[in-house]
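# Sharing a model that was predicted from the sequence below.
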Amino acid sequence: MRWAILVLTVLAGCDSPGFGFSAAEVTRSDAGGHAFSLRRSGDVVQAIRTNFVRRPDINLIGRDAELAIERTYGCRVTKMRGDVALMVAQLDCEGAPRDGDWARWVKPRRSLASCLGYISSGQAGRRKEIDLVCF
């Protein structure tokens, strides 16, 4: 009985949102034969692959995740980071997605937390805005 509870607990965590995405609504999307759970927080989207893949290839899964994100939100993906199970994408909603224009992959750093976002300043440097999502 203990093993059944442990297995159910582990499986329940497979599609759980990361830090910064817990309040985000989940959207299910498919692309290229892969299923993803997408959660958006501002201009950042977390994509969790939810289907089983034998010998996954990050290049194929990454492109499929990017397509799923662009189709779902209608924004262009500019940066991506992650692995075959969990990816995080930076969106640019001012530009429409274009065929053949793939996002730049960011090599993950070894740290306890990762953040994506942008910093903008207003006219003559008077107003500054920082929008970060950490996970």
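Thanks, I have the structure now.
# partner strands of the helix or strand harbouring Ile130, parallel or antiparallel?
Under the criterion of DSSP states H and E, Ile130 resides in strand 128-134. Listed by DSSP bridges, the sheet partners of strand 128-134 and their directions read strand 115-121 (antiparallel).
# most residues in a single helix of this structure, which one?
Determined from DSSP state H, the single longest helix within the chain is helix 58-73.
# ok, Ala35 to Arg98 distance?
In this structure, Ala35 and Arg98 are separated by 25 Å, where distance is defined by C-beta to C-beta, to the nearest Å. C-beta coordinates here come from the backbone N, C-alpha and C atoms, glycine included.
# An error on my part: the question was meant for Phe36.
21 Å.
# With Gly42 instead?
Gly42 sits 22 Å away from Arg98 when distances are taken as C-beta to C-beta.
# who has more neighbours, the two?
Gly42 (15 against 9; other C-beta atoms under 10 Å).
# Do I have it right that the more buried one meets Val133?
Yes. Under the contact definition of C-beta atoms under 8 Å, Gly42 touches Val133, with a separation of 6.0 Å.
# list the residues that contact both of these two?
Any residue near both Gly42 and Val133 by C-beta atoms under 8 Å, 6 or more residues apart in numbering counts here, and that gives Gly117.
# In stretch 52-67, which residues are buried?
The neighbour-count criterion (16 or more other C-beta atoms under 10 Å) identifies Ile61, Gly62, Arg63, Asp64, Ala65, Glu66, Leu67 as the buried residues of stretch 52-67.
# All the strands of the chain, in order from the start?
Assignment of strands within the chain using DSSP state E yields the ranges 26-31, 34-41, 44-49, 76-82, 86-92, 104-105, 115-121, 128-134.
# The second one: partners in the sheet, and parallel or antiparallel?
According to DSSP bridges, strand 34-41 forms sheet pairs with strand 26-31 (antiparallel), strand 44-49 (antiparallel).
# Please point out which parts of the first one sit buried.
Meaning strand 26-31. Using 16+ other C-beta under 10 Å as the test for burial, strand 26-31 gives Ser29, Ala31.
# List the residues that contact Ala35.
Arg28, Ser29, Arg49, Thr50, Asn51.
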